[in-house]
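Trainee: Give me a model of this one.
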Amino acid sequence: MSTSTAQPTTSGSQKDAQSSRKQDSFAQRLGRFALDNGALVGLIVLCIGLFIATPDFLTIPNFINIGIQAAVVAILAFGMTFVIVTAGIDLSVGSVAALGAMASAFMFSNAGLPGWLTLIIGLLVGLLAGSISGLATAYGKLPAFISTLAMMSVARGLTLVISDGTPIKTSDAVNTMGGNIGMLPVPIIMMVLAGLVCWFILTRTVLGRSMYAIGGNAEAARLSGLPVRRILVTVYALSGLFAGLAGMVLAGRLSSAQPQAGVAYEMDAIAACVIGGASLAGGSGKASGTLIGAVLLAVIRNGLNILNVSSFWQQVVIGIVIAVAVGFDVFRSKKS
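Mentor: Numbers count the residues shown, from 1 in each chain. Predicted coordinates for the structure are as follows:
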């Protein structure tokens with residue numbers, strides 16, 4: 001009798017233990033997912049909170065508006081991701097975007113070049129500016145902070161010299177960068193394409209793997225045979241090219257090149273990368289995280305605008321978000 005009654009008790013305790021282990025395993029998996037995708041979890045929670053606060057947030061027109069608002073910063077941030085992965089920084093992207101747009105507009109309005117050619121010129125100006133920063137960093141041995149800070153000043157100065165401080169009309173080819181293709185806004189299309197290019201380079205090319213190697217340990221990468229200097233020049237050139245594309249999108253939205261366009265955009269680009277999980281120490285970062293970071297910044301601004309919160313307080317909130325993101329990254333590193 002005692003044996004027959006003990007068996008069900010033992011079986012029941014085993015089932016309880018298995019159920020407890022399953023619950024623990026699920027909780028552990030959920031915890032790991034939250035740690036690995038903190039920005040995504042934060043974005044989802046923020047969207048739910050804003051929907052509760054104002055039903056106007058969760059509408060298709062508003063989502064499209066958020067995508068358009070995020071596009072320029074996201075494109076800049078994709079280029080910045082390459083630089084941050086290699087443990088560098090590029091403070092010039094906002095000014096380079098403005099210079100590319102202004103050069104394009106000047107060539108159209110003053111030199112009379114075809115619109116499609118001025119679009120290419122704008123991209124090439126960004127590529128050239130980025131290459132110069134890369135050469136100064138890789139071969140001139142200047143710290144990336146100093147070389148890109150100098151380029152930021154030079155690019156902004158040239159933008160003001162070319163424009164004489166006044167807006168210049170852009171070509172129709174550039175204006176299409178701010179228009180629509182059917183129901184889809186072109187800025188969002190450009191953002192997605194730039195993100196796919198960034199993802200492909202980082203994950204599917206030798207160049208991308210070399211970026212991670214340099215960011216992890218530049219000296220070890222050099223000793224293993226990687227052409228570190230050439231790779232760094234390429235990285236900053238890519239950042240400049242993406243900045244040129246962002247400048248074209250920004251000018252297309254405004255149908256003109258503005259002398260003060262892109263001011264402080266480099267800060268938003270860096271913030272998007274950091275929020276998305278990129279480490280300023282180098283060696284980590286991915287395109288999807290950067291996209292989430294850029295969208296998160298746009299959602300914060302959009303939601304606070306809908307709630308009629310002052311733009312001054314918006315900067316305070318974004319600063320707190322950046323601090324939390326960096327603290328979260330440090331916590332995650334310690335846990336791993």
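Trainee: So which residues make contact with stretch 60-70?
Mentor: The contact list for stretch 60-70 (C-beta atoms under 8 Å, 6 or more residues apart in numbering) reads 56, 185, 187-188, 191, 253, 294-295, 297-299, 301-302, 306. To be clear about C-beta, it is placed using only N, CA and C from the backbone, and glycine gets the same treatment.
Trainee: residue boundaries of the strands in the stretch 151-300 of the chain?
Mentor: Ranges of strands in the stretch 151-300 of the chain, per DSSP state E, counting those that start in this stretch, are 168-169, 180-181, 184-185, 256-257.
Trainee: Name the residues that touch the last one?
Mentor: In this case it means strand 256-257. 98, 101-102, 104-106, 163, 167-170, 247, 251.
Trainee: Buried subset of those residues as a ChimeraX selection?
Mentor: Buried residues among the contacts of strand 256-257 (16 or more other C-beta atoms under 10 Å), as a ChimeraX selection:
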select :98,101,102,104,105,106,163,167,168,170,247,251
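Trainee: min pLDDT across the contacts of stretch 60-70, which one?
Mentor: Lowest in pLDDT among the contacts of stretch 60-70 is residue 56, which has 84.
Trainee: can I assume it is in contact with residue 308?
Mentor: No. Counting by C-beta atoms under 8 Å, residue 56 stays clear of residue 308, with 11.5 Å between them.
Trainee: Just the CA coordinates for stretch 147-167, please, in PDB.
Mentor: Presented in PDB, the C-alpha positions along stretch 147-167 are these (Å, rounded to 0.1, in the frame of the first residue of the first chain):
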ATOM      1  CA  SER A 147      40.600  65.000 -38.000                       C
ATOM      2  CA  THR A 148      36.800  64.800 -38.300                       C
ATOM      3  CA  LEU A 149      36.300  67.800 -36.100                       C
ATOM      4  CA  ALA A 150      38.500  69.700 -38.500                       C
ATOM      5  CA  MET A 151      36.500  68.400 -41.500                       C
ATOM      6  CA  MET A 152      33.300  69.400 -39.700                       C
ATOM      7  CA  SER A 153      34.600  73.000 -39.600                       C
ATOM      8  CA  VAL A 154      35.900  73.000 -43.100                       C
ATOM      9  CA  ALA A 155      32.800  71.500 -44.600                       C
ATOM     10  CA  ARG A 156      30.500  73.900 -42.800                       C
ATOM     11  CA  GLY A 157      32.700  76.800 -43.800                       C
ATOM     12  CA  LEU A 158      32.700  75.800 -47.500                       C
ATOM     13  CA  THR A 159      28.900  75.300 -47.300                       C
ATOM     14  CA  LEU A 160      28.500  79.000 -46.200                       C
ATOM     15  CA  VAL A 161      31.100  80.200 -48.700                       C
ATOM     16  CA  ILE A 162      29.400  78.500 -51.700                       C
ATOM     17  CA  SER A 163      25.900  79.600 -50.600                       C
ATOM     18  CA  ASP A 164      26.800  83.000 -49.300                       C
ATOM     19  CA  GLY A 165      24.500  82.100 -46.400                       C
ATOM     20  CA  THR A 166      21.400  81.800 -48.500                       C
ATOM     21  CA  PRO A 167      19.400  78.700 -49.700                       C
END
